[in-house]
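J.: structure, please.
(one chain, ligands or ions: 1)
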Amino acid sequence: VPYVEAYRRVHCIEGGNMSFSDDTLRVLMVIGRQGPMSRSRISRELGFPPSRVTRLAEALVSAGLLEETGFEASTGGRRGTLLTFRQDTYIMCGIRISIAAVVDVVLMDLHANTLEQRSFTLSPDTTPGQVVAAVRQALEDCFTAHSGLRERLIGVGLGTSGLVSPERGCVLRSRAFPEWRDVPIVDLLAAALDVPVFLENEVAMSTAAEQWFGNGRGCRNFLYISLGQGVRMGLVIEGRLYRGMTGNAGELGHTTYRKDGPVCYCGNVGCLERYVSTDALLYWGRDALGSHSDSRLGQLCPRPENLNLDHIFQAAREGDRMANTLLRRVARPIGQTLAGLINIFDTEKILVAGGLAGAGDLLLSLLREQIDIHALPHLGANTQLQFAELKQHGTAIGGGALILEKLCSGRIVLPK
Ligand SMILES: [Zn+2]
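T.: Okay, the predicted model is just below:
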């Protein structure tokens with residue numbers, strides 16, 4: 001069943017669809033992006049007369065999308081009632097497929113509170129049909145465990161590692177499933193699940209999660225940097241998620257860092273990813289342990305082959321010199337790269353995520369050091385460096401952000 005037909009089948013049910021004017025959707029968008037808001041503030045934000053906001057908001061309240069919640073902070077005058085997304089009507093599903101083929105399925109309300117969650121790992125030779133069947137089964141389990149959710153689901157947001165075509169709903173290439181080529185995953189999932197499905201690359205989805213529900217909320221310009229097995233970047237520019245021409249913007253890890261470096265799996269030589277990923281840190285850590293077994297890191301992990309990231313982070317926090325040297329070795333190229341990005345984008349915030357974020361404030365101070373050295377002073381000094389807020393299931397939660405974005409732009413139509 002083609003994706004568009006599946007979409008129509010579900011959403012042109014008897015009784016028709018609810019459709020909203022562009023201005024109504026703008027009210028929804030401003031609340032989604034900035035949080036609970038009074039009618040008078042919406043009126044100021046959008047430049048609409050108060051009576052108009054009252055009318056538009058009423059349509060959203062009766063559609064079950066908005067509800068009233070408490071009062072705004074006092075500013076001297078009469079305190080307005082805050083409008084926020086309604087929590088007990090519609091639900092959204094976010095799915096993430098990681099590089100390691102770990103699949104995260106999260107059902108959440110419109111505030112991104114998790115209602116049910118399932119995770120499972122698939123083998124690299126899993127076919128698209130098997131992935132769809134596994135996701136469907138996970139959703140069935142969720143619906144069985146939590147009655148009343150099935151009917152409330154309005155959409156699925158899927159984020160996968162690798163190269164994707166969000167427009168065509170296809171996974172072009174995937175490190176999780178190396179055999180996959182141009183797989184129409186959106187069509188397949190929409191047909192199996194009977195709801196609209198939207199696809200995004202993994203890092204764009206994590207970035208959307210921060211933009212709608214995390215530390216990027218209310219921030220018009222920020223970069224999201226994921227430092228894990230891969231190194232990828234998400235961009236929010238002037239309040240919009242930047243996707244690029246093909247939907248794959250942000251492949252930061254495959255920029256050339258050293259032209260005399262090792263060959264990368266992407267085919268290029270000396271990619272940044274080979275120097276700053278969690279794999280690189282572990283590789284150097286194991287190498288260093290062989291000759292410094294008397295260090296604190298050596299006490300925490302006597303056998304190099306058992307070394308994990310937490311050993312390195314703990315030893316570094318306890319002041320171990322070797323662990324700190326290892327962290328510095330990965331932080332330097334990242335910090336230099338961030339300094340360059342700050343010069344280019346003049347960004348308000350950089351949100352750091354991924355496995356290396358486990359090093360905590362130590363990592364941020366090493367990065368700050370490099371930014372202070374290499375960024376233009378009046379730019380770097382004003383850029384905030386923070387960790388991403390949504391750690392656990394952050395990418396899957398971004399599926400919810402994607403659904404809200406589509407809802408606010410009129411691309412998801414709710415049944416009456
Ligand atoms: Zn590469």
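J.: is the residue lying closest to G270 once chain neighbours are set aside in a helix, a strand, or coil?
T.: Excluding the flanking residues, the one nearest G270 by Cβ to Cβ, 6 or more residues apart in numbering is G261, at 2.6 Å. To be clear about C-beta, it is placed using only N, CA and C from the backbone, and glycine gets the same treatment. When classified by DSSP: H, G, I helix; E, B strand; the rest coil, G261 comes out as coil.
J.: and the strands in the stretch 51-200 of the chain, which stretches?
T.: Counting by DSSP state E, counting those that start in this stretch, one finds strands in the stretch 51-200 of the chain at the ranges 66-71, 81-85, 91-97, 102-109, 114-121, 153-160, 163-165, 170-173, 197-201.
J.: redo these as JSON lines? Include mean pLDDT, mean neighbour count and distance to the ion.
T.: Converted to JSON lines, the strands of the stretch 51-200 of the chain look like this (pLDDT from 0 to 100; neighbours: other Cβ atoms under 10 Å; distance: least, Cβ to the ion, whole Å):
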{"stretch": "strand 66-71", "mean pLDDT": "91", "mean neighbour count": "15", "distance to the ion": "45"}
{"stretch": "strand 81-85", "mean pLDDT": "95", "mean neighbour count": "19", "distance to the ion": "40"}
{"stretch": "strand 91-97", "mean pLDDT": "96", "mean neighbour count": "27", "distance to the ion": "20"}
{"stretch": "strand 102-109", "mean pLDDT": "97", "mean neighbour count": "22", "distance to the ion": "22"}
{"stretch": "strand 114-121", "mean pLDDT": "97", "mean neighbour count": "16", "distance to the ion": "25"}
{"stretch": "strand 153-160", "mean pLDDT": "95", "mean neighbour count": "26", "distance to the ion": "18"}
{"stretch": "strand 163-165", "mean pLDDT": "92", "mean neighbour count": "20", "distance to the ion": "13"}
{"stretch": "strand 170-173", "mean pLDDT": "94", "mean neighbour count": "18", "distance to the ion": "13"}
{"stretch": "strand 197-201", "mean pLDDT": "94", "mean neighbour count": "26", "distance to the ion": "16"}
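J.: Q34 is nearest to which of these?
T.: Minimum separation from Q34 across the strands of the stretch 51-200 of the chain (Cβ to Cβ) falls at strand 81-85, 10.7 Å.
J.: quick one on the thing from earlier: nearest to R296 among the strands of the stretch 51-200 of the chain would be which one?
T.: Smallest distance to R296 across the strands of the stretch 51-200 of the chain (Cβ to Cβ): 31.2 Å, for strand 102-109.
J.: quick check: angle from the closest one to strand 114-121?
T.: 170 degrees (axes from the mean of the first three to the mean of the last three Cα atoms, to 10 degrees).
J.: okay, strand 102-109 in CSV with CA atoms only?
T.: Taking C-alpha atoms only, strand 102-109 is exported to CSV below (Å, rounded to 0.1, in the frame of the first residue of the first chain):
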residue,chain,number,x,y,z
VAL,A,102,19.2,-1.0,18.7
VAL,A,103,15.6,-0.1,18.2
ASP,A,104,13.9,2.2,20.6
VAL,A,105,10.1,2.6,20.5
VAL,A,106,8.6,5.3,22.7
LEU,A,107,4.9,6.2,23.1
MET,A,108,4.5,9.7,24.5
ASP,A,109,1.9,12.4,25.1
